[in-house]
Each structure stands twice: as C-alpha cells, then as structure tokens.
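In: quick check, what structure comes out for this input:
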Amino acid sequence: MAGHSKWANIKHRKAAMDAKRGKLFTKLSREITIAAREGGGNPENNPRLRIAIQNARAANMPNDSIQRAIKRGTGELGGDTIEEVIYEGYAPGGVALMIAVMTDNRNRTVSELRHLLSRHGGSMAEAGSVAWNFQRRGVLYVEKNGMTEEQMLEYVLEADAEDMVEESDFFIVYTEPGKLSQVQQFFEQQQLGIKEAKVEFVPSTTLKVEDPAVARKVLKLLEALEDHDDVQNVYANFEVDDEILEELQAQSQ
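Out: Alright, predicted model coming up:
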C-alpha cells in the first residue's frame, strides 16, 4: 500500500492548493447522483450516499447543490444519464492505472482518455490487464491534529478497521468496503477530523520508479488524468523515493 499512500499524499497536497473548486464540486455532485440512483435518496439507508454527502460537506459544497444532485439521482430532476465506468491503462515505466470515470458519453470519454494517455507516454489496456493487481478497499483520510501513531492505532483497532499508514499531514486508514460507513461513523463519534472517505482501488503490489525523468512523466500523466472533467479518481501502483518527489515538487513550484 506504500504506492497508494504516496500518490494519495501528492493528491491531497495538490487539492489543498487547487483553486478549481467548480471542477471539484462537479465530481462530488456526480458521486452523490450515482449513489442516490443506486441506493435511494435517504443517506440513513444508503451508506455510499452518506459518505458522498460527508465528502461534499468537507469540501464546503453548498447544501442546495447537494440536494439537487440527490434529486437528479432519484429522478426528481431531469438531466443527462451518468454512467460509472472503470478503464485500465499504463503510465510510462509500466506503471498500472485504474481510471474511475463518470460520463454521459462513453465514446467521447474513452477517445479523450486514449489521446491523453498517448500524449503523455501511456496507453489504454485491455479489461483485466491490470485490475488483478488492485483490491477495492474502504479508505479514510484522517487529520492528525497532534495525534501520535500509537493513539491513532488504538482508534483503528477499536473501530475494527484493517490497517493504517502515517503520512506527513494525515493518517490513511484501510477497511473492508462494506465497513467504511461504520468506521467513519465511529471516527466521527470520537471527533476525529475526516478529510475524505471513499472506496478506492488499492494496489496489492507496487512498482518502484527510480528514474526521476520517468517519475516526472508518470506524475504529469496522473495530474492530467485527474484534471479531466469525466475522471473521478486515478489509482496507480507506483512508488517513488521521497528525495525524488521533493526534487520534482521543487522544480514544479
């Protein structure tokens, strides 16, 4: 999971500096709409919707926008039909990618993704080519707020979560997908700050990228994919040494 936590840390740091709030709200809105369509508009009976609403509120999404997204999902409001699709691909260096998409036009989206991957030295992959190396896991990003790793581990065990990783700015807690809402509720009761909670694809094995030039290409591709309007999330199985990351981040500033 080291590769997952590394990319997660990069994404959250980038999000903290990213002013494209409109784009973020669009992605949050689509997740709420899909969740409501699949499980109904009552978050008490729909764990996925409850988590989606919590993430939207954490990002300061207006309540009116949240309610409209729910109504689109339940059919009370009209709009384009949004599909949830997972595409597989490769980044430079053979890094495996799982690209989670929500789109109203599959043909347009896959064509744009294919072009984006090709332009950055990657490629689309056949279904199943890389999915075998990823597991669906419930993932929570929990603010540190002065907590030590030992204190957080006690909460993780009490919540019946599976594992945790400490990053510089937050803890990443892993759990079974079906227990995500339950673990989130427990952490909320303990008044722990949750930055985000969702079901993600976590790599079982990772690929270490040691060449800074290749690492730069991988990160540029991932950022380009994340910036695409239809892409909800990108998951990758790479690892990069902290020294290389710091060097690349310094060059990009």
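In: now residue 192: how far from residue 152?
Out: Distance, residue 192 to residue 152, by Cβ to Cβ, to the nearest Å: 8 Å. Using the backbone N, CA and C atoms, a C-beta is placed for each residue, glycine as well.
In: any residues in contact with both of these two?
Out: residue 142 (Cβ atoms under 8 Å, 6 or more residues apart in numbering).
In: residue ranges with poor pLDDT in the stretch 1-150 of the chain?
Out: Scanning the stretch 1-150 of the chain for pLDDT under 70 picks out 1-22.
In: show me the helices in it, by range?
Out: Listed in chain order, the helices of the stretch 1-150 of the chain (DSSP state H, counting those that start in this stretch) span 2-17, 21-39, 47-58, 63-74, 106-119, 149-158.
In: name the helices or strands packed onto the last one?
Out: Translated: helix 149-158. strand 163-166, strand 170-175, helix 180-189 (3 or more Cβ pairs under 8 Å, 6 or more residues apart in numbering; DSSP states H and E).
In: then the longest one to PDB, C-alphas only?
Out: Translated: helix 180-189. Extracted C-alpha coordinates of helix 180-189, given in PDB (Å, rounded to 0.1, in the frame of the first residue of the first chain):
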ATOM      1  CA  LEU A 180     -16.400   2.100   5.500                       C
ATOM      2  CA  SER A 181     -19.600   3.900   6.700                       C
ATOM      3  CA  GLN A 182     -19.400   2.100  10.100                       C
ATOM      4  CA  VAL A 183     -15.800   3.100  10.600                       C
ATOM      5  CA  GLN A 184     -16.400   6.600   9.500                       C
ATOM      6  CA  GLN A 185     -19.300   7.000  12.000                       C
ATOM      7  CA  PHE A 186     -17.000   5.700  14.800                       C
ATOM      8  CA  PHE A 187     -14.300   8.200  14.000                       C
ATOM      9  CA  GLU A 188     -16.900  11.000  13.900                       C
ATOM     10  CA  GLN A 189     -18.100  10.000  17.300                       C
END
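In: can you give me the buried ones in that helix?
Out: 180, 181, 183, 184, 186, 187 (16 or more other Cβ atoms under 10 Å).
In: between those residues, which is closest to residue 204?
Out: residue 180 (18.9 Å; Cβ to Cβ).
In: could you check how many residues crowd around the nearest residue to that closest one once chain neighbours are set aside?
Out: Spatial nearest neighbour of residue 180, excluding adjacent residues (Cβ to Cβ, 6 or more residues apart in numbering): residue 138 at 3.2 Å. The number of residues packed near residue 138 is 25, by other Cβ atoms under 10 Å.
In: ok, now residue 142?
Out: The tally of other residues near residue 142 (other Cβ under 10 Å) stands at 23.
In: now residue 186: how far from residue 60?
Out: Residue 186 sits 24 Å away from residue 60, going by Cβ to Cβ.
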